[in-house]
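In: Need a 3D model of the sequence below.
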Amino acid sequence: MRVRMVLWTLLLTVGLAPPARALTLTQVDQSTPWPGVVITQYRTSSPSADVWVAEIDLCADHIRVEATHTPTAYRTAASWGASVGVQVATNGDFYRTGPQVYGDAIGGGIQWPLDQTGLDPAYSSDWFYKDYGWIAFGHDWVDYTHTKWVKNHASNYGTLGGYEPGTVAPPPPLGTLALVSGFPELVIEGEVYTCSSPTDSSCFPDRSDMRDRHPRTAMGLTADRQTFLLVVVDGRTSTSSGMYGAELADLMGQLGAYVAFNLDGGGSSQMWVDGDGTINNASGNNLGNGLRGVANHWGVFAGAAGGMPQRPEHCVSSTPCHTIPPPGDILESDGPCAWLFGDPQYWREESVGYGDHLYWTNAFTSDEPGNWAGWQLDFEQAGEYLLEVWVDDTFGVYDNARYQVVADGQSSTVHVDQGAAAGWTEVGTYHFAQGGGQYLAVFDNVSGSVASDQHIVADAIQLTRVDAYCGDGTCDAGEDCFGCAADCPPVTEIPGNGIDDDCDGEIDEVTNPTDPDAGVDPTGDASVVVTADASPSGGGSKGGCGCAAGRPAPEAALPWIGLLLLGLCWRRRARRPR
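Out: Numbers count the residues shown, from 1 in each chain. Predicted coordinates:
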């Protein structure tokens, strides 16, 4: 009995105890306004609260997740969502004057300036510094990183996954398109955070306001990373009480979250749906003071109305938009791997350029890009590739266009004089890894002054293999007819060279059994005979497929056999009993 009590105490201490109470969900309404988007309203008991859930199928056609680009003012979810053209929007991270959020933030593929995030060293003494975790979206991937508290108590949860599980507040992965931070963590890789009492000081030690009932917003991912959950809970009214942090964690677990994070709540909790407006009682959450403007948001493009390509942007099970073969390839500006970011009104489309199509925008003075274009790169083979961009000499004007190349985990910045270019223009030669997670991007922002009408072109790009590879037409060192018959084709067997020239699995096989000299070393050395070998060794020289050393001929071994017999006889005589 004493042992059981000790174990129970330990479970309470690490936060893995069964919940003191479990809320009950009752569905009130449900709709599917766009393919891949399900909006459900629930009523809960214990506590009595109204809940809205947006389930986003990340592998449905036209789905793309967006987050707020660096803001200059606070905006409601409705105002921001309508302005960027998403179909669903909620509030995001906690914020303070700035606008500045408590964690990291990326919107439109651009990371917020340091002084507008919780990473700014000026806030290193503040209570929330680097406490956050995040969910991030990129091309064909979704990832998360745990909060500081979870990482500092990793032993409570076994081996942690996610991005950089051993590093607090790591830099986001290269190629992140949208990221919102939050804390505390509600569900840790399938483990719902629980407390002995939702109001005890040990419950969510990294955020004390989780011990009161408030309106809440949360985000989560399922274990397969194919469903994104956005949840809003109303509170502070006579009909909806809000939730404790432990109740919110219970809710996210029941909804199927594998990981989940608390977002800004209270008067900030709001969910907007295009065509329906703000669907929860956001004004009631704000104590009747109307909709509150916030610093950042989550948004979801959905359906053909969202204007996104049919291919989903973040589906982890998708095949690549295009796989570049070993010789290289051309990716056009209107192909499936090309993307435009920023306000569409500042992108112009022309029926000239490579393949009679290009986009252009103007360079402008800013610390952050307003519009930028990207090409996702996925390679069949790793190798060295020359990277070029097509520049139309009419529309390419700006002499210092900034490109970013991400290749094999390394990021490089290159400036190209588009005004002096015509046709294929070199960006550089890079080593690209096999697979994806690599890209080229061109940006429109300039740090200094810039004249008007300085066009920056986004057109086709070309990759050309420059190092040796199987299929380049040359039988290179290390290649043979077994591994690369295209470059090293089999040839007629040459007896006596110890090489499987015809790649049939036998070295110097006898081709004329009636020839008395067949199989004898042509050098005339009777101590060596060439034999067949059914298991090629590989590693042959250029033009062949393997090497085999000769072995002594039988007649050359006779003296050794005689010596062996004499030795055996001597040993028998030595052992004869006296």
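
In: Of all residues in the chain, which one is nearest the centre?
Out: W141 (4.0 Å; Cα atoms, centre = their mean).

In: Could you give the bridge partners of that residue?
Out: Applying DSSP bridges to W141 gives these bridge partners: G138.

In: Make 171 the first number, not 1, from now on.
Out: In the new count, where the first residue is 171, that last one comes out as W311.

In: List the contacts of it.
Out: W311 is in contact with 343, 484, 486, 607, counting by Cβ atoms under 8 Å, 6 or more residues apart in numbering. Heads up, the C-betas are built off the backbone N, CA and C, glycines and all.

In: Return stretch 492-502 as CSV; C-alpha atoms alone will do.
Out: Output of stretch 492-502 as CSV, limited to C-alpha atoms (Å, rounded to 0.1, in the frame of the first residue of the first chain):
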residue,chain,number,x,y,z
HIS,A,492,8.9,17.9,-59.6
THR,A,493,12.1,15.8,-59.2
ILE,A,494,15.1,17.1,-61.0
PRO,A,495,16.9,14.3,-62.9
PRO,A,496,20.7,13.8,-62.7
PRO,A,497,21.5,15.9,-65.8
GLY,A,498,19.5,18.8,-64.5
ASP,A,499,16.3,20.5,-65.7
ILE,A,500,14.4,23.8,-66.3
LEU,A,501,11.6,24.9,-63.9
GLU,A,502,9.3,27.5,-65.4
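
In: buried set for it?
Out: Buried residues in stretch 492-502, counted by 16 or more other Cβ atoms under 10 Å: 492-494, 496, 498-502.

In: before we move on, what about stretch 272-283?
Out: 272-282.

In: Now go through the residues you listed and say which are in strands.
Out: Among the buried residues of stretch 272-283, the members found in strands (DSSP state E) are 275-277, 280-281.

In: want to throw those into JSON lines with distance to N455?
Out: Formatted as JSON lines, those follow (distance: Cβ to Cβ, whole Å):
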{"residue": "A275", "distance to N455": "22"}
{"residue": "I276", "distance to N455": "26"}
{"residue": "G277", "distance to N455": "24"}
{"residue": "I280", "distance to N455": "30"}
{"residue": "Q281", "distance to N455": "30"}
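
In: how near is the spatially closest residue to Q551 that is not a sequence neighbour to C673?
Out: What sits nearest to Q551 in space, not counting adjacent residues and going by Cβ to Cβ, 6 or more residues apart in numbering, is P496, at 4.7 Å. Per Cβ to Cβ, to the nearest Å, P496 is found 22 Å from C673.

In: Could you do D285 as well?
Out: 65 Å.

In: Settle it for me: which of those two has more neighbours?
Out: Using other Cβ atoms under 10 Å as the criterion, D285 and C673 rank with C673 on top: 21 against 12.

In: so that one makes contact with F652?
Out: Yes. At 6.0 Å, C673 counts as touching F652 under the criterion of Cβ atoms under 8 Å.

In: before we move on, back to that, most widely separated two among the buried residues of stretch 492-502?
Out: Largest separation among these by Cβ to Cβ: P496 and E502, giving 20.0 Å.

In: which SSE is L421 in?
Out: Per DSSP states H and E: L421 is located in helix 415-424.

In: tell me which strands and helices that helix is in contact with?
Out: strand 355-358, strand 361-362, strand 386-391, strand 397-403, strand 429-433 (3 or more Cβ pairs under 8 Å, 6 or more residues apart in numbering; DSSP states H and E).

In: any idea of the mean pLDDT for the second one?
Out: Model confidence over strand 361-362 averages 97 on the pLDDT scale.

In: do the same with the first one
Out: Taken as a whole, strand 355-358 has a mean pLDDT of 98.

In: Flag every buried residue along it.
Out: 355-358.

In: next one: the host helix or strand of L556 to chain centre, how far?
Out: Assigning secondary structure by DSSP H and E places L556 in strand 553-561. What separates the centre of strand 553-561 from the centre of its chain is 23 Å, taken as Cα atoms, centre = their mean, to the nearest Å.

In: ok, residues contacting it?
Out: Counting by Cβ under 8 Å, 6+ apart, 496, 498, 523-524, 528, 549, 573, 575, 586, 588, 591-602, 610, 612, 627, 629-637, 639 sit against strand 553-561.

In: Show me those that map onto strands.
Out: Using DSSP E, 498, 528, 549, 573, 575, 586, 593-602, 610, 612, 627, 631-635 are the members of these that sit in strands.
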